[in-house]
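Novice: Need a 3D model of the following:
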Amino acid sequence: MATQAGVQGLRPEEAVMTKQRLPYFVGISGQTVGAQGLSMHLVVIPPAGRAQPHVHIGYETGIYVLEGRVCTRWGSQLEHEVISEAGDFLFVPPGVPHEAINLSDTQAARAIVARNDPAEHDKVEPYAVA
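Specialist: Numbers count the residues shown, from 1 in each chain. A predicted model of the protein is given here:
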């Protein structure tokens, strides 16, 4: 008889700094709950903060903005942009160079980030605009 995995709850207590140079509160991942195809975290972009330009290697990313307004610049020269605010979803395909910029100088932006990879932190690569 196969062993059935149980439902697990967790509450991240402290942030970790990511390769994107943003603080993440790690939630669901292969490391925290043994997830095999999913990770989900809370990201906080400090006032006037921004992510280092980067690409995700081999996985999709879905983002739901909880608070704030964020400009996501994307493309080979980061020449495109989309503004997301509380209540908006954002999809980032694999391999697309991008960066996120908090548009407020006084308030943090917060978002839930979900990815179809349980260990995506190992698959983030910095991106230098040519």
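Novice: dump the residue contacts of residue 79.
Specialist: residue 73 (CB atoms under 8 Å, 6 or more residues apart in numbering). All C-beta spots, glycine's among them, are computed from the backbone N, C-alpha and C.
Novice: Near residue 7, how many other residues are there?
Specialist: Neighbourhood size, residue 7 [other CB atoms under 10 Å]: 5.
Novice: Please report the distance of it from residue 107.
Specialist: Using CB to CB, to the nearest Å, one gets 34 Å for the distance from residue 7 to residue 107.
Novice: cool, and residue 85?
Specialist: 12 Å.
Novice: show me what contacts the closest residue to residue 57 other than its chain neighbours?
Specialist: Leaving aside its chain neighbours, residue 57 sits nearest to residue 123 (4.2 Å; criterion: CB to CB, 6 or more residues apart in numbering). By CB under 8 Å, 6+ apart, residue 123 lies in contact with 56, 57, 58, 59, 117.
Novice: what about the first one, distance to residue 72?
Specialist: Just to be clear, that refers to residue 56. Distance of residue 56 to residue 72, given as CB to CB: 13 Å.
Novice: Between these two, which has more neighbouring residues?
Specialist: Ranked by neighbour count (other CB under 10 Å), residue 56 and residue 72 place residue 56 first, with 21 against 18.
Novice: In strands, which of the contacts of residue 123 appear?
Specialist: Counted as lying in strands by DSSP state E, out of the contacts of residue 123, are residue 56.
Novice: how about the contacts of residue 123, which pair is most distant?
Specialist: Of all pairs drawn from the contacts of residue 123, the greatest distance, 9.1 Å, lies between 57 and 117 (CB to CB).
Novice: And those two? Which one has more around it.
Specialist: Applying other CB under 10 Å to residue 57 and residue 117 shows that residue 117 carries more neighbours, namely 22 against 13.
Novice: Right, I'll call it a day here.
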